[in-house]
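Peer 1: next come a sequence and a model predicted from it.
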Amino acid sequence: MGFIAYVKLTGELDSFGKSLYYFALFLTTFLLSQWGLFSKIKFYLSWWAYSFPISSMTIATVLMYHLTNESFFKLLSGVVFGMLLFLIIMLVPMTLRAIRHCEICIEE
């Protein structure tokens, strides 16, 4: 989100903007490396919080493509968008299952 906001405020892509983007890309890669740990945890509604950074990264990558016109970012935006779709397609049935089994919004 920082990269998107910075570019929209300044109206250009400079070295600081690139630094913001590549830092976000690093964090996204780190988040994906934690997939093994993530998949072993019981489902909670808070899993939806993973969709926000992935969707932000998708928007940032599309913006980076529009600013640079490099085909790498076009390909990367498709990959990140695919990951977002996979995540949402995975979370919707898990959420519906949790609702059906009354496992959401219960007192502890």
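Peer 2: Thanks, I have it. Since we're looking at a predicted model, the values are computed, not measured. Numbering: from 1, shown residues only.

Peer 1: how close does the most centrally placed residue in the chain sit to Leu85?
Peer 2: For the chain, the residue nearest the mean C-alpha position is Ile54 (0.5 Å; C-alpha atoms, centre = their mean). Distance of Ile54 to Leu85, given as C-beta to C-beta, to the nearest Å: 10 Å. In short, each C-beta sits where N, CA and C put it, glycine included.

Peer 1: the strands in the chain, which residues?
Peer 2: In order along the chain, the chain carries no strands (DSSP state E).

Peer 1: contacts for the lowest-mean-pLDDT helix or strand in it?
Peer 2: Sorted by mean pLDDT, DSSP states H and E, the helices and strands of the chain end with helix 35-40, the least confident at a mean of 79. Under the criterion C-beta atoms under 8 Å, 6 or more residues apart in numbering, residues Tyr50 lie in contact with helix 35-40.

Peer 1: rewinding a little: name the nearest residue to the residue nearest to the centre of the chain, ignoring sequence neighbours.
Peer 2: In space, and not counting its chain neighbours, Ile54 is closest to Leu84: 4.6 Å by C-beta to C-beta, 6 or more residues apart in numbering.

Peer 1: just Met94 next, same as before
Peer 2: Leaving out its chain neighbours, the residue that sits closest to Met94 by C-beta to C-beta, 6+ apart is Phe43, at 4.9 Å.

Peer 1: what about the longest helix in this structure?
Peer 2: Secondary structure of the chain per DSSP state H: the longest helix is helix 71-100.

Peer 1: can you give me how far that one is from the chain middle?
Peer 2: The chain centroid and the centroid of helix 71-100 are separated by 9 Å under C-alpha atoms, centre = their mean, to the nearest Å.

Peer 1: just checking, what packs against it?
Peer 2: helix 51-68 (3 or more C-beta pairs under 8 Å, 6 or more residues apart in numbering; DSSP states H and E).

Peer 1: state the distance from the closest residue to Thr68 other than its chain neighbours to Phe23.
Peer 2: Of all residues not flanking Thr68 in the chain, Leu13 sits nearest, at 7.1 Å (C-beta to C-beta, 6+ apart). Here the criterion is C-beta to C-beta. By it, Leu13 lies 14 Å from Phe23.
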